[in-house]
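> Mind looking at a prediction? Sequence and model below.
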Amino acid sequence: MRSDNSWLQTTTGVVVVLLLVQFLTGVLLAFYYVPSVDHAYTTVSYIEKVVSSGSWIRSLHHYGSQWLTVFVFIHVIRLFWDRSYDANRIQWIAAILLLGLVMAAGGTGYSLPWDARAFFSTRVAEGLMAGLPVAGQMARLWLLGGSEISGVTLSRFFALHVLVIPTLIGVVVVWRMFRAQIAELFGPRDAIAGTLVFLALALWALKHPAPFGPSVAEAGADYLPRPGAQFLWLYQSLKYIPGGLGSIVGVVLPGIVLAVLVALPWLKRQRLIAGSLLGLGVVLVVIMTTVSYFSDRRDPRTAQQFARQAAAEEAWRRQPFNPATITLAATTTKATGGAPDMYTKFCANCHGTHGQGAQQGPLKFPPLLDVSAKPRRSVDDIVALLKDPTAYGLQPPMRSFADKLREEQMREIAEWVVKLRQD
Amino acid sequence: MNIDTSRRSFLKFLPLAAVFASIGGAAFRFLRPKLSAATDAWLDVASVSELSGPQPISRKIVAEQITGWAITTEEHNVFVLPAKNNQVVSAICPHEGCEVAWEQNRNRFSCPCHESYFAADGSRISGPAQRGLDPLPARVQDGKLQVQYISKEQATRA
């Protein structure tokens, strides 16, 4: 510990305060910012122009990062002057690591607004990586997440800036403050138990992919939603409780139970009450979860619907990925002769955006190029085929679009498809 | 001595507390939610001529709303009730906001979430919902049935 508290020695305090400012303002910005190439600029503009105090908060974060770097640097100089590398090795190493990390945070942060400065800053970062000896190209590819600057790059800079680097800064700070206590957290049995649980979870996840339903726009009116296992008790309870009382059972009661449990160390005489409250909660959760499980399996219509939803999800997993279309040009002109919107929405997934077909694992989806040269493939035929593919001898996964597309939309698709030619 | 040190350590943090109170105050303003501007546009539902019969007819309306930094265009399911003078009701269940479906063979609306049921005229039959399906303001203009979209929250406040 230092003996004198001169003003020259206050760099630790300044660095701590500026770090806190960066954390707080960064968290606030994350409430509006969206890390995607088509929304980043808009959301930063929204923070600057619309959100109260938004311009001030963002400016604090922007200039705070520069001031922080300067003060960490001064802090390092001071420690060097005090020969802290001899006196307090941990303090010295932590300060150096911090300097590197705040520089990295600043560098990655520049890209996030996705304005012109961000664009050039990202280009320069790309160039610096590419110029590294031996592994330069590799470093560039890993930083960009591909061979070009894209939405993937922005996501990477975002993850580094708001998750990886702040976590590392936190680790450095915690390590400097509590390194004696950290070793006690993990005994040998803890490590074994933790590993076994992870193995079980890993095997479970291998067999059961996380559920992913249809998009909201495509979900049918008969879609049955169900919450995760930890909320089934609440879901089932809501069926029995009229209207707004659901909020009491779902939010207020669990809140009271948790508050009583927190206060347990001080509730010397009321332990029986607290204990029965906890017991009651456990009984309610177990009963409601069990009832929910059986009520979904008892009704055959519900069971059939769940089977249909599972089959639809399985079919979705076998379909090739459908990429988004992002236009970054300032003026957008709709390409003439392009695919009709409904073709892009429903057909391009399997038959390709230009009718070139697709292959996904063992599944091969036929190309539509020169399809009009084949028998029974006139515009009228294709419209009829879209309504009833089996009448044209087609097998699933080709399905009827009679319920998805209107007559004129099918005709628009058919008139575009017959013009497709093999070049 | 003891009181003196604790007072001094309290005073020591006072300027720091002021710094973070200023960010905290700004944070409150910064995070304060913005209410979506209610749209009063009249949205086409269907031509009056194609609406008939005893069954509720499912239709989609497309409403635009200013939501934060975006103008969101969203489809909403509504039901036209030709048997009830073409009243239009929202498909949003007034209980917790799931979307009800029309069950033709049982002649009722059912909610896929918590088993609320509604009659063909939109009135409540049973379940945790406390009122019938919310009617939307409707009018007929040039032979077209039009509605104004009202969210569940707006209907609850009214």
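Thanks, I have it.
> any weak-confidence spans in the chain?
This is for chain A. Across chain A, the ranges flagged by pLDDT under 70 are A:1-5, A:328-337, A:360-363, A:423.
> my bad, the chain I had in mind was chain B
For chain B, the stretches with pLDDT under 70 are B:1-7, B:37-39, B:158.
> so what are the domain limits for it?
Chain B breaks down by automatic domain parsing into domains covering B:2-31, B:43-157.
> can those go into TSV with extra columns for distance to A:Leu278 and mean neighbour count?
Yep, even glycine has a C-beta here, placed from its N, CA and C like the rest. Below are the domains of chain B laid out as TSV (distance: least, C-beta to C-beta, whole Å; neighbours: other C-beta atoms under 10 Å in any protein chain shown):
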stretch	distance to A:Leu278	mean neighbour count
domain B:2-31	34	11
domain B:43-157	26	17
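> Switch those over to TSV; also include distance to chain A.
Below are the domains of chain B laid out as TSV (distance: least, C-beta to the nearest C-beta, whole Å):
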stretch	distance to chain A
domain B:2-31	4
domain B:43-157	4
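> In CSV, list the C-alpha atoms belonging to the longest helix belonging to chain B.
With secondary structure taken from DSSP state H, chain B has its longest helix at helix B:14-31. Written as CSV, here are the backbone C-alpha positions of helix B:14-31 (Å, rounded to 0.1, in the frame of the first residue of the first chain):
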residue,chain,number,x,y,z
LEU,B,14,-19.7,12.3,-2.2
PRO,B,15,-18.1,13.8,-5.3
LEU,B,16,-18.0,10.3,-6.9
ALA,B,17,-21.6,9.7,-6.0
ALA,B,18,-22.5,13.0,-7.8
VAL,B,19,-20.7,11.8,-10.9
PHE,B,20,-22.6,8.6,-11.1
ALA,B,21,-25.9,10.3,-10.1
SER,B,22,-25.5,12.5,-13.2
ILE,B,23,-25.1,9.4,-15.4
GLY,B,24,-27.9,7.7,-13.5
GLY,B,25,-30.2,10.6,-14.1
ALA,B,26,-29.4,10.7,-17.8
ALA,B,27,-29.8,6.9,-17.9
PHE,B,28,-33.4,7.2,-16.7
ARG,B,29,-34.2,9.7,-19.5
PHE,B,30,-32.2,7.7,-22.0
LEU,B,31,-34.0,4.4,-21.3
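> So which elements touch that helix?
helix A:11-30, helix A:54-81 (3 or more C-beta pairs under 8 Å, 6 or more residues apart in numbering or on different chains; DSSP states H and E).
> Quick one: end-to-end distance for stretch B:122-140.
End-to-end distance for stretch B:122-140, by C-alpha to C-alpha, to the nearest Å: 20 Å.
> and it, how far out from the chain's middle?
How far stretch B:122-140 lies from its chain's middle: 13 Å, per C-alpha atoms, centre = their mean, to the nearest Å.
> Same question for stretch B:120-132.
Using C-alpha atoms, centre = their mean, the offset of stretch B:120-132 from its chain centre is 17 Å.
> do the same with stretch A:413-423
38 Å.
> Show which residues not belonging to it make contact with it.
With contact meaning C-beta atoms under 8 Å, 6 or more residues apart in numbering or on different chains, stretch A:413-423 is reached by A:339-340, A:342-343, A:347, A:354-355, A:368-372, A:377-380, A:382-383, A:386, A:405.
> Just the buried residues of the residues you listed.
Buried members of those, scored by 16 or more other C-beta atoms under 10 Å in any protein chain shown, are A:339-340, A:342-343, A:347, A:355, A:368-369, A:371-372, A:377, A:379, A:382-383, A:386, A:405.
> Would you mind listing what in the stretch 151-300 of chain A touches chain B?
Contacts of the stretch 151-300 of chain A with chain B, taken as C-beta under 8 Å from any C-beta of the partner chain, map to A:217, A:221-225, A:235, A:238-244, A:246.
> Which of those residues are buried? Put it as a PyMOL command.
Per 16+ other C-beta under 10 Å, the buried members of these correspond to this PyMOL selection:
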select buried, chain A and resi 223+224+235+238+239+241+246
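> Nearest to B:Ala129 among the residues of the stretch 151-300 of chain A next to chain B?
Nearest to B:Ala129 among those is A:Gly243, at 6.9 Å by C-beta to C-beta.
> For that closest one, give me phi and psi.
phi 40, psi -130 (degrees, to the nearest 10).
> Once you drop chain neighbours, what's closest to it?
Closest residue to A:Gly243 apart from its sequence neighbours, by C-beta to C-beta, 6 or more residues apart in numbering or on different chains: B:Gln130 at 3.6 Å.
> all helices for chain B, in order.
Assigned by DSSP H, chain B shows helices spanning B:2-12, B:14-31, B:152-157.
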